[in-house]
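**Student:** could you work out the structure for the sequence below:
(chains A and B)
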Amino acid sequence: MTTRDTAQIALFAALFAVLGLMPAIALPVLPVPITMQSMGAMLAGAILGPRRGALAVVLFVVLVAAGFPLLAGGRGGLAVFAGPTAGYIVGWCAGAATTGWLVQRMWQRLNLGRAILATAIGGILVVYAIGVPWMAAIAGLPLGKAILGSAVFLPGDLIKATLAASVAVTVKRGYPLIRPV
Amino acid sequence: MPMRHPGAILRSLPAGAKLLALAALGACSFAVTAPLPLALALTILCALAIAAGLRPGTLVRQMIPVGVMLAGIFIVHWAAGDSRTGLATVLRALALVAAALVVTHTTRMPAMLESLQRALEPLRRLGIKPAGVAMMVALTIRFIPELLQTAGRIREAQRARGLGRNGLALVVPLLIRTLRNAELVAAALDARGFDPDAPLPPSTVAASATTCYARGTSRGNRR
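**Tutor:** The predicted model follows:
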C-alpha cells in the first residue's frame, strides 16, 4: 500500500463522517429529510475501488466503535453495536467492497445505468442481506417480518443509490482513481 | 483499605479487558430468555453507568434511538401473541446498550485506540502495518473538522447560486476537495519520510489526534 492509498483511505473515512454530521437534505419527492451518510459506503466503493473503499468504511466503523460520535445524529460508541441496527453498519463494509468490485469490472464502459446497478447491488442488496437477518436475530423476529419492516427505507435508499452513482460518474470524468481489470 | 469509587475502578481497568468482558456479556445474554433476570441486569448496568459518572439525562438520551426501534419490535411480538419474548428482547438490547455505554464512558479514547493498535500487532504477518493504521486513524480524526468546514463553505456557495437543495452540487465538489487533500497529505507524508514499517511509540499518535479532533470540532461549531 502506498502513502497515497493511506491518505485516500483516511480522508474518505473522514468524508464518511462529514456526510453524517452535515444537516440532512430535504428532497422534494420524500416527506422526511434524508441523511447522506449511508451514501458514504456506496461512494467509497465506487470512487476508491473495492480494496481502498472497503478499508475506508472499516476505518470509519472502527472509529465509531472507539467512541467518536460520527454516525448521523451524533451517535457513536459500542452501544451502537449492541442495538438491532448494527448489522447495517457491518453491512456497509461488504457493500463498499461489492460496489467497488462491480464498478471496477465495468470501469471502461461505466455509464449512469451501470453505476446505479453497482451502487444498488452493493449499497442496498448486500447491506440489507447482512442488516436484515442481523436485526431479525437480535429482535427475535421471523425473517419475513424483518424484510417487510426494512422495506420502508427502500425508497430513500434507491434515491441515495442514484445520487451516489451520478456522483461517481461525474467524479470519474475529472478524477479517475480505479484501475480497470 | 478504603473503598474505591466504582467509576474509578472501572476507569483503571485496561481497555482490552473491558472490551472482552462486553463481548462475553453480549454472547451470554442470548442464553437468558426470561424477562426478569434481564430486567435485573438492566437495572444493575444502569446503576453502574450512573455510578461511573454518566448523567441520567445522557443515559436516557443515548437510549432513545434504540428505544424507538425496540418499541416497534415489541409491538410486532405482542401482535403475534408472545409479549414475553418481546419484553425479553427489549430488555436484553437495552441492557447491552447500557453495558456498552459503561465501557465507552469509562475508557479514554486514546486507550481505546491503543488497544486497537495492540490487537493489530499479530496481524503484522498478514501485511497489516500497525503504524500505517495509526496514521490513518490520526489523519481521519484530524480531517473531519477540516472537511466539515469545507462542506459548510460549499453549501453556502451553492445556496448563493440557488443550488442549496441539489445534493449533487454539494457532494461532487466536496469529494474532489477530499481527493485533492489526500494528494497533498500523501506528498507531505512522503516528504517527511513516513514509513509504515517503523515501530511507533504507542498512544502518541492517537493522543495527539484526539486532541486535534476536540480542538477542531469546537472551533468548527463556533463558525
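**Student:** helix or strand: which one has the residue nearest to B:L48 when sequence neighbours are not counted?
**Tutor:** Spatial nearest neighbour of B:L48, chain neighbours left out: B:V102 (5.5 Å); criterion: Cβ to Cβ, 6 or more residues apart in numbering or on different chains. No exception for glycine: its C-beta is placed from N, CA and C like everyone else's. B:V102 is located in helix B:83-106, with elements delineated by DSSP states H and E.
**Student:** now do the same contact list for the residue nearest to B:L48.
**Tutor:** Under the criterion of Cβ atoms under 8 Å, 6 or more residues apart in numbering or on different chains, the neighbours of B:V102 are B:L10, B:L45, B:L48, B:A49, B:A52, B:L54.
**Student:** let me have these in CSV, extended by neighbour count and secondary structure.
**Tutor:** Compiled in CSV, those are given as follows (neighbours: other Cβ atoms under 10 Å in any protein chain shown; DSSP: H, G, I helix; E, B strand; the rest coil):
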residue, neighbour count, secondary structure
B:L10, 19, helix
B:L45, 21, helix
B:L48, 19, helix
B:A49, 27, helix
B:A52, 19, coil
B:L54, 20, coil
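**Student:** out of the residues you listed, what pair is the most spread apart?
**Tutor:** B:L10 and B:L45 (11.7 Å; Cβ to Cβ).
**Student:** now residue 54: closest residue in space, sequence neighbours ignored.
**Tutor:** No chain was given, so I picked chain A. A:A97 (3.9 Å).
**Student:** actually, chain B is the one I wanted.
**Tutor:** B:L54 sits nearest to B:H105 (Cβ to Cβ, 6+ apart), 4.9 Å away.
**Student:** just confirm the one you found contacts B:A51, I think it does.
**Tutor:** No: in this structure B:H105 lies outside contact range of B:A51 using Cβ atoms under 8 Å: 10.7 Å.
**Student:** okay, those two: which has more neighbours?
**Tutor:** B:H105 (22 against 14; other Cβ atoms under 10 Å in any protein chain shown).
**Student:** picking up where we left off before, if I look at the residue nearest to B:L48, how far off is B:L13?
**Tutor:** Relative to B:L13, B:V102 is positioned 11 Å away (Cβ to Cβ, to the nearest Å).
**Student:** the residue nearest the centre of chain A: what secondary structure?
**Tutor:** Residue closest to the average C-alpha location in chain A (Cα atoms, centre = their mean): A:A41, at 2.2 Å. Classification of A:A41 using DSSP: H, G, I helix; E, B strand; the rest coil returns helix.
**Student:** from A:A17, how far off is it?
**Tutor:** Using Cβ to Cβ, A:A41 is found at 13 Å from A:A17.
**Student:** mean pLDDT per helix and strand in chain A: which one sits at the bottom?
**Tutor:** helix A:79-82 (a mean of 84; mean pLDDT, DSSP states H and E).
**Student:** what helices or strands is the next helix-or-strand element following that one leaning on?
**Tutor:** Downstream of helix A:79-82, the first helix or strand assigned by DSSP H and E is helix A:86-105. Here helix A:86-105 touches helix A:39-48, helix A:50-66, helix A:79-82, helix A:112-120, helix A:127-139, going by 3 or more Cβ pairs under 8 Å, 6 or more residues apart in numbering or on different chains; DSSP states H and E.
**Student:** low pLDDT regions in chain A?
**Tutor:** A:23-34, A:181 (pLDDT under 70).
**Student:** once you drop chain neighbours, what's closest to A:P133?
**Tutor:** Nearest one to A:P133, counting by Cβ to Cβ, 6+ apart, is A:L143 at 6.4 Å.
**Student:** count of neighbours near the nearest residue to A:R114 once chain neighbours are set aside?
**Tutor:** Distances taken as Cβ to Cβ, 6+ apart place A:M106 nearest to A:R114, at 4.7 Å, with adjacent residues excluded. Other residues near A:M106 come to 16 when the count uses other Cβ under 10 Å.
**Student:** what's the pLDDT at the spatially most central residue of chain B?
**Tutor:** Centroid-nearest residue in chain B: B:T104, 7.9 Å away (criterion: Cα atoms, centre = their mean). For B:T104, the model assigns a pLDDT of 86.
**Student:** helix or strand: which one has the closest residue to it other than its chain neighbours?
**Tutor:** Leaving out its chain neighbours, the residue that sits closest to B:T104 by Cβ to Cβ, 6+ apart is A:G77, at 3.8 Å. Counting by DSSP H and E, there is no helix or strand that carries A:G77.
**Student:** if I pick A:G77, what's in contact with it?
**Tutor:** Contacts of A:G77 by Cβ under 8 Å, 6+ apart are A:V64, A:A65, A:G67, A:P69, B:A100, B:L101, B:T104.
**Student:** who wins on neighbours among those residues?
**Tutor:** Busiest of the contacts of A:G77 [other Cβ under 10 Å] is B:A100, holding 26 neighbours.
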